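Participant: Mind folding the following:
(chains A and B)
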Amino acid sequence: GDSVTQMEGPVTLSEEAFLTINCTYTATGYPSLFWYVQYPGEGLQLLLKATKADDKGSNKGFEATYRKETTSFHLEKGSVQVSDSAVYFCALSEGAGSYQLTFGKGTKLSVIP
Amino acid sequence: DTAVSQTPKYLVTQMGNDKSIKCEQNLGHDTMYWYKQDSKKFLKIMFSYNNKELIINETVPNRFSPKSPDKAHLNLHINSLELGDSAVYFCASSQGMEAFFGQGTRLTVV
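Facilitator: Just a heads-up that it's a prediction; the model follows:
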């Protein structure tokens, strides 16, 4: 079945540091890939997505590129802020009717001033 | 207006009880979902449902049942609650790939 593996956390960075959170996937077809973010005490929000190979998703300074050859979708941000502190989830969806998501285990990011 | 709303936000109950969590979406989406987030933050699909089809994750105990009175609502009923059911339950909806999540219901079984 489908699965998503992302780097274990927690990750602690200083403000303005560079962020990378690794994500790799296993899927039977050609999935769409997502990053969701969960701020403390809140539900999940879509951060960015990519639907086909070599697509780059971007939002709020975050980027991720769909790499089919390495089955990866790593999340990056050039300069993190304290407000980026949250749990980040990589996910995939095979589509075809129900777009249920298969999630990675989440990576908690803490950004300190 | 909240796009996907769940009630209650917190639910504390004793083992063996039966409880329900309500979910409503005002986005006009065709498909709704229930996800479970365990104590380690791991999220897993429980059900997906549209007006044609219910897809059940085979690992979900049959004590859990979704009930949809109409397209905008998907409630979660849980019978004979167990300690291991303690988790945060998220409702979501989608029309296509992007899912919108509710704020979650933290269920604690004591």
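Participant: What ranges does chain A have for its strands?
Facilitator: For chain A, the strands defined by DSSP state E occupy A:3-6, A:11-14, A:19-21, A:23-26, A:32-38, A:44-50, A:56-59, A:62-65, A:75-77, A:86-93, A:102-103, A:107-112.
Participant: Pretty sure B:L74 is one of the things B:M32 touches, is it not?
Facilitator: Yes - the pair B:M32 and B:L74 qualifies as a contact (Cβ atoms under 8 Å) at a distance of 3.9 Å. Glycine gets a C-beta too; all of them are placed from N, C-alpha and C.
Participant: Name all residues that make contact with B:N51.
Facilitator: Shown in contact with B:N51 (Cβ atoms under 8 Å, 6 or more residues apart in numbering or on different chains): B:D30, B:S68, B:K71.
Participant: can you count the residues close to the second one?
Facilitator: Applying the criterion other Cβ atoms under 10 Å in any protein chain shown, we find 16 residues in the vicinity of B:S68.
Participant: before we move on, back to that, dump the contacts of B:N51 into TSV; add secondary structure and distance to B:D18 as well.
Facilitator: Listed next are the contacts of B:N51 as TSV, based on DSSP: H, G, I helix; E, B strand; the rest coil; distance: Cβ to Cβ, whole Å:
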residue	secondary structure	distance to B:D18
B:D30	coil	29
B:S68	coil	18
B:K71	coil	25
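Participant: could you pick out which of those are near chain A?
Facilitator: Among those, no residue sits close to chain A (Cβ under 8 Å from any Cβ of the partner chain).
Participant: Looking at the residues you listed, which is nearest chain A?
Facilitator: The shortest approach to chain A among the contacts of B:N51 belongs to B:D30, at 10.0 Å (Cβ to the nearest Cβ).
Participant: Look at that closest one and say how many residues are nearby.
Facilitator: 15.
Participant: That one: what's its closest spatial neighbour, skipping adjacent residues?
Facilitator: B:N50 (4.8 Å; Cβ to Cβ, 6 or more residues apart in numbering or on different chains).
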